[in-house]
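**Student:** Next come a sequence and a model predicted from it.
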Amino acid sequence: MKSRIKRLLKLASVIVFPAVALATSLPARALTPADQKEVQNFTLTDDFLKRFEAAAAEGGARAEENDPKKAAAMLSSIDAMSASIAKTPASKAALDRHGLTPRQAALGAIVLMRVQMTDEMLADPKQAKYVDKAKIPSAENMAFYHAHKAEIVKAFQRGKDD
């Protein structure tokens, strides 16, 4: 389980930015209630996944922030994460080329990681009891994940190998 989470976090850091990787690894309380609602309401689509993967393939979506205190400040809200992403020229340019905003990328990365982690945890009876029922992704996002699981897993595998 830990190695899978590490691979997911590495892909998120390659695709989007350390802020998103950290946000997905921290307890859900790291985001505000309004942000949690926005994450829960974000719907994964074929179009989003195609654009997200294209931006990731460019390899330019990396943040420059490595200071833990500054990274923690970025995690205070999705607004802060989005602003951090927007300040990174390579990330912003890659997202712009593929028609995504920094906010969409941050939200989508969080949702993709949540659906994969939730799926893996629910499949393991020992881990299932630790799933926060209030944070389970929507049925639509779980169905999207299952329909695209091979593609998403392959993308995360590419992130691990980089």
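**Tutor:** Noted; the coordinates are in hand. Numbers count the residues shown, from 1 in each chain.
**Student:** need the contact list for the nearest residue in space to residue 131 that is not next to it in sequence.
**Tutor:** Spatially, and ignoring its direct neighbours in sequence, residue 131 is nearest to residue 121 (5.1 Å; CB to CB, 6 or more residues apart in numbering). The C-beta positions use only the backbone N, C-alpha and C, and glycine is treated the same way. Contacts for residue 121 (CB atoms under 8 Å, 6 or more residues apart in numbering) come out as 1, 127, 128, 130, 131.
**Student:** swap the cut-off to 7 Å and go again
**Tutor:** Under the criterion of CB atoms under 7 Å, 6 or more residues apart in numbering, the neighbours of residue 121 are 127, 128, 130, 131.
**Student:** Quick check on it: phi, psi?
**Tutor:** Backbone geometry at residue 121, expressed as degrees, to the nearest 10, gives phi -70, psi -40.
**Student:** That one and residue 37, how far apart?
**Tutor:** Using CB to CB, to the nearest Å, we find residue 121 at a distance of 22 Å from residue 37.
**Student:** for the helix or strand where residue 146 lies, packing partners?
**Tutor:** Per DSSP states H and E, residue 146 falls inside helix 139-147. Judged by 3 or more CB pairs under 7 Å, 6 or more residues apart in numbering; DSSP states H and E, helix 139-147 is in contact with helix 102-123.
**Student:** taking the mean pLDDT, what do you get for the helix it packs on?
**Tutor:** The predicted model gives helix 102-123 an average pLDDT of 88.
**Student:** Kindly report the same for stretch 92-99.
**Tutor:** For stretch 92-99, the mean pLDDT works out to 91.
**Student:** Can you give me the buried ones in that stretch?
**Tutor:** Applying a neighbour-count criterion of 16 or more other CB atoms under 10 Å, one finds 92, 94, 95, 98 buried in stretch 92-99.
**Student:** Mind checking which of the residues you listed are in helices?
**Tutor:** Among the buried residues of stretch 92-99, the residues falling in helices (DSSP state H) are 92, 94, 95.
**Student:** And the average pLDDT for the helix holding residue 146 is what?
**Tutor:** Helix 139-147 shows a mean pLDDT of 95.
**Student:** hey, C-alpha coordinates of that helix in CSV?
**Tutor:** Extracted in CSV, the C-alpha atoms of helix 139-147 (Å, rounded to 0.1, in the frame of the first residue of the first chain):
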residue,chain,number,x,y,z
ALA,A,139,-20.3,7.2,-7.4
GLU,A,140,-19.8,8.9,-10.8
ASN,A,141,-16.1,9.5,-10.2
MET,A,142,-15.7,5.9,-8.9
ALA,A,143,-17.4,4.6,-12.0
PHE,A,144,-15.2,6.8,-14.2
TYR,A,145,-12.1,5.4,-12.4
HIS,A,146,-13.2,1.8,-13.0
ALA,A,147,-14.0,2.5,-16.6
